[in-house]
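S.K.: give me a model of this one.
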Amino acid sequence: MEQIYTIPVNEAFEASAANPSCGCPMCALYRKLEENELDLILGASMMEPDVRIRTNEEGFCRTHYDMMFVRKNRLGMALTLESHLAELQKDLSGKGLMSLFGAPQAKPVKRISALMNSCYVCSRIEFHFRHMAETVALLFEKDENFAAKLGAQPYFCLPHCQLLLSTASERLAKKPLQNFTEIVRRVTENYLGTLLDDVSWFCKKFDYRYENEPWKNSKDSVERAIRFLRSDLHTTPQNKENGK
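M.R.: Residues are numbered from 1 along each chain as shown. Just a heads-up that it's a prediction; the model follows:
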């Protein structure tokens with residue numbers, strides 16, 4: 001296992017085990033990767049020729065364009081866009097652009113189609129995140145203390161629950177896989193039961209018969225349900241305030 005992945009994985013799992021408000025540890029790892037990549041692309045990596053070639057080719061998804069835009073480095077973003085737009089101008093210039101209204105297999109059509117489905121930051125995150133999921137499985141197998149960390153998590157969001165289970169099925173032998181699956185299942189089922197109770201109580205609070213009852217732990221249950229169902233990937237001001 002590469003230490004470059006074992007250290008952040010252990011740190012994320014320890015943080016979530018110690019403080020449930022950190023949420024799914026895999027979401028936390030994703031956000032950390034995203035922050036690092038955005039810092040790099042608007043900083044040290046911006047003018048590197050190999051990086052510029054890739055950003056010219058792949059561009060960025062709307063989410064990461066928006067996140068770059070609010071990071072207060074307009075010049076860095078403008079320089080990246082200038083190079084990207086110049087490359088696109090070459091690819092789409094001349095009579096070839098007219099084929100957008102014609103054959104779907106024409107080069108400009110293919111180029112735009114590929115660009116709509118690519119993002120330099122997403123591809124970088126995906127590369128490292130895949131290795132981090134593999135590291136979770138390998139730590140479970142090699143580190144006798146990691147099983148306790150896995151079982152101490154507040155929850156795994158459903159997308160990352162699926163990722164961990166599918167990755168473990170590829171990396172672990174039968175017996176370790178059974179143990180891994182049982183721990184992840186227990187964590188997920190326990191949280192799902194609690195979450196359902198909280199959401200149900202939230203709904204009851206809008207019934208006049210319960211208006212004088214306490215909110216218990218239901219006030220943020222809708223937000224937590226969304227994070228559980230669809231992950232909590234992108235850094236927001238609220239995440240920063242909560243230390244996520």
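S.K.: low-scoring stretches of this structure, by residue?
M.R.: 1-2, 94-106, 235-244 (pLDDT under 70).
S.K.: what segments of it are helices?
M.R.: For the chain, the helices defined by DSSP state H occupy 3-18, 25-41, 49-58, 62-69, 74-92, 107-116, 120-142, 146-151, 158-171, 174-204, 221-230, 237-241.
S.K.: of those, which is nearest P214?
M.R.: helix 174-204 (9.3 Å; C-beta to C-beta). (Glycine included, C-beta is placed from N, CA and C.)
S.K.: buried deepest among the helices of the chain, which one?
M.R.: helix 25-41 (a mean of 21; mean count of other C-beta atoms under 10 Å).
S.K.: so which elements touch that helix?
M.R.: With contacts taken as 3 or more C-beta pairs under 8 Å, 6 or more residues apart in numbering; DSSP states H and E, helix 25-41 sits against helix 3-18, helix 62-69, helix 120-142, helix 158-171.
S.K.: do that again at 7 Å, thanks
M.R.: Applying 3 or more C-beta pairs under 7 Å, 6 or more residues apart in numbering; DSSP states H and E, one finds that helix 25-41 contacts helix 3-18, helix 120-142.
S.K.: check what contacts the longest one and list those residues.
M.R.: Going back to what we said before, that points to helix 120-142. 1, 5-6, 9, 29-30, 33-34, 37-38, 41, 54-55, 58-61, 64, 146-147, 150, 163-164, 167-168, 171-172, 176, 180 (C-beta atoms under 7 Å, 6 or more residues apart in numbering).
S.K.: so which of the helices and strands packed on helix 25-41 gets nearest S231?
M.R.: helix 120-142 (11.4 Å).
S.K.: for the closest one, C-alpha coordinates in PDB please.
M.R.: Written as PDB, here are the backbone C-alpha positions of helix 120-142 (Å, rounded to 0.1, in the frame of the first residue of the first chain):
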ATOM      1  CA  TYR A 120      -9.900  17.700 -15.800                       C
ATOM      2  CA  VAL A 121     -10.600  18.000 -12.100                       C
ATOM      3  CA  CYS A 122     -13.200  15.100 -12.000                       C
ATOM      4  CA  SER A 123     -10.700  12.800 -13.800                       C
ATOM      5  CA  ARG A 124      -7.900  13.700 -11.400                       C
ATOM      6  CA  ILE A 125     -10.200  13.100  -8.400                       C
ATOM      7  CA  GLU A 126     -11.500   9.800  -9.800                       C
ATOM      8  CA  PHE A 127      -8.000   8.500 -10.200                       C
ATOM      9  CA  HIS A 128      -7.000   9.100  -6.600                       C
ATOM     10  CA  PHE A 129     -10.400   8.300  -5.100                       C
ATOM     11  CA  ARG A 130     -10.400   4.900  -6.700                       C
ATOM     12  CA  HIS A 131      -7.000   4.100  -5.100                       C
ATOM     13  CA  MET A 132      -8.300   5.400  -1.800                       C
ATOM     14  CA  ALA A 133     -11.300   3.000  -1.900                       C
ATOM     15  CA  GLU A 134      -8.800   0.200  -2.700                       C
ATOM     16  CA  THR A 135      -6.700   1.300   0.300                       C
ATOM     17  CA  VAL A 136      -9.700   0.900   2.600                       C
ATOM     18  CA  ALA A 137     -10.000  -2.700   1.600                       C
ATOM     19  CA  LEU A 138      -6.300  -3.400   1.900                       C
ATOM     20  CA  LEU A 139      -6.000  -1.700   5.300                       C
ATOM     21  CA  PHE A 140      -8.900  -3.900   6.500                       C
ATOM     22  CA  GLU A 141      -6.900  -6.900   5.400                       C
ATOM     23  CA  LYS A 142      -3.400  -5.800   6.600                       C
END
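S.K.: pull the distance from it to the chain's centre.
M.R.: 11 Å (C-alpha atoms, centre = their mean, to the nearest Å).
S.K.: same thing with stretch 22-39?
M.R.: Worked out by C-alpha atoms, centre = their mean, stretch 22-39 lies 7 Å from the chain centre.
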